[in-house]
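J.: model the structure of this input:
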Amino acid sequence: MSSTQTPISARRRWLSSERIAQEVLGAIGFRVLETRKKVVLNGIEVGEIDALATDDKGDLYAVEVKAGRIDVTGIRQAYVNALLLNAKPMVVCKGFADDAAKELAEKLGVQVIQLSDIFLVESEELNIIVREVIEETLTEYLELFYSFNPNIKPEHMEILQAIYESSTIDEAAEKLGVDVSTFMKKVEDLKKIGIISKWAKKYSTIKRIAQLIIQKQNLVSALDESRKLVETAKTLYDQLKQFQNLLTTLNQQLQKIVNYISKLESRLEKQENIEIQSQ
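T.: Numbers count the residues shown, from 1 in each chain. Prediction:
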């Protein structure tokens, strides 16, 4: 994950902790009845409980969820809110901020369910981390696919083809007729000129990149062929249009000739009639 990545916000961390707390409560026998329960006193909203839950005996608990550790103030808040709802106080958190908070919780009867730092960090951030890693990976591959690299030459494509068609480094080197050391130097050269990404370390990743580049080049070639076919079709169309115009011109000339011959025959016929009458 990039070092410049935006950290998880406090609100997102709290919401994730709240979700985890609800899952934990369910796992240890509690049933969550309501979340974000408003605490109302004489018609005035004075607070909010993260969750209302019951145990298998039917006892009602007012549950506070803390993304971090609970302090004295948090213990007091949990106790007062529970008292107003006629419920037992409970806090789900990473533990106590200090001994004073622990002693106060015991004195007031606030039940504290402690979740380890490891559990919370791994659980609440795993989904976010995995999503961000996937997004970064897709971005890197898409940039590789859509970027234009003028440095790719036929000899580079030969190396990429060998990688794409081989399951191991040894097999790829053999296809190129070189030893593994020489093959790896060729791969490093491709990284230096930006054909293969420098972040590609595993052979499987390098192979995936080779496959992507080859498919991209095949697509480019197909598009070039399509463009050539379109240009050829356009040329043929223009030639057919010219031929059509030529045929139209020839037809007009032939029609003139036919008309001329028709007129000439008519004159000859009249001349013959005149001669016959004069005899």
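J.: okay, CA-based contacts and neighbour counts for the rest of this
T.: Noted.
J.: surely R36 is in a helix?
T.: No - looking at R36 with DSSP: H, G, I helix; E, B strand; the rest coil, it is strand, so not inside a helix.
J.: correct me, but it touches A53?
T.: No - using Cα atoms under 8 Å, R36 is not in contact with A53; the gap is 11.5 Å.
J.: who's more crowded, those two?
T.: Neighbour count, other Cα atoms under 10 Å: between R36 and A53, A53 has more, with 24 against 13.
J.: distance check, the more buried one against S181.
T.: To S181, A53 is 65 Å away according to Cα to Cα, to the nearest Å.
J.: ditto for G43
T.: Using Cα to Cα, we find G43 at a distance of 80 Å from S181.
J.: more neighbours, these two?
T.: Taking other Cα under 10 Å, G43 and S181 do not tie; S181 has more neighbours (12 against 7).
J.: any idea how far the more buried one lies from E188?
T.: From S181 across to E188, the span is 11 Å (Cα to Cα).
J.: and this structure, what are its domain boundaries?
T.: For the chain, automatic domain parsing gives the domain ranges 10-123, 148-246.
J.: weakest of these in terms of mean pLDDT?
T.: The weakest mean pLDDT among the domains of the chain belongs to domain 10-123, with a mean of 83.
J.: for that one, the distance to its chain's centre please.
T.: Centroid separation for domain 10-123 versus its chain: 37 Å, with Cα atoms, centre = their mean, to the nearest Å.
J.: could you look up the SS state of V40?
T.: Secondary structure state of V40, per three-state DSSP, is strand.
J.: ok, back up a step: which of the domains of the chain sits most buried?
T.: The highest mean neighbour count among the domains of the chain, using mean count of other Cα atoms under 10 Å, belongs to domain 10-123: a mean of 17.
J.: what about I113, helix or strand, and which?
T.: Following DSSP states H and E, one finds I113 within strand 111-114.
J.: ok, now I206?
T.: helix 203-278.
J.: for that helix, packing partners?
T.: Helix 203-278 sits against helix 117-146, helix 154-164, with contacts defined as 3 or more Cα pairs under 8 Å, 6 or more residues apart in numbering; DSSP states H and E.
J.: can you tell me how far L41 sits from N86?
T.: 12 Å.
J.: same question, D224
T.: 76 Å.
J.: dump the domains of the chain to a markdown table, plus distance to I274.
T.: Converted to a markdown table, the domains of the chain look like this (distance: least, Cα to Cα, whole Å):
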| stretch | distance to I274 |
| --- | --- |
| domain 10-123 | 115 |
| domain 148-246 | 42 |
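J.: so which of those domains is nearest Q271?
T.: Of all the domains of the chain, domain 148-246 sits nearest to Q271, with 37.2 Å by Cα to Cα.
J.: gap between the closest one and the chain center?
T.: Between the centre of domain 148-246 and the centre of its chain there are 24 Å (Cα atoms, centre = their mean).
J.: before we move on, the earlier item: now the helix holding I206 against helix 154-164, angle please.
T.: 120 degrees (axes from the mean of the first three to the mean of the last three Cα atoms, to 10 degrees).
J.: for beta bridges, what are the partners of A62?
T.: Judged by DSSP bridges, the bridge partners of A62 are L52, P89.
J.: how much space between it and Q252?
T.: Distance of A62 to Q252, given as Cα to Cα: 100 Å.
J.: same check, this time on F30
T.: Per Cα to Cα, F30 is found 97 Å from Q252.
J.: also Q244?
T.: In terms of Cα to Cα, Q244 sits 12 Å off from Q252.
J.: just L219 next, same as before
T.: 49 Å.
J.: just V80 next, same as before
T.: From V80 to Q252 the distance is 105 Å (Cα to Cα).
J.: go on, K207?
T.: Per Cα to Cα, K207 is found 66 Å from Q252.
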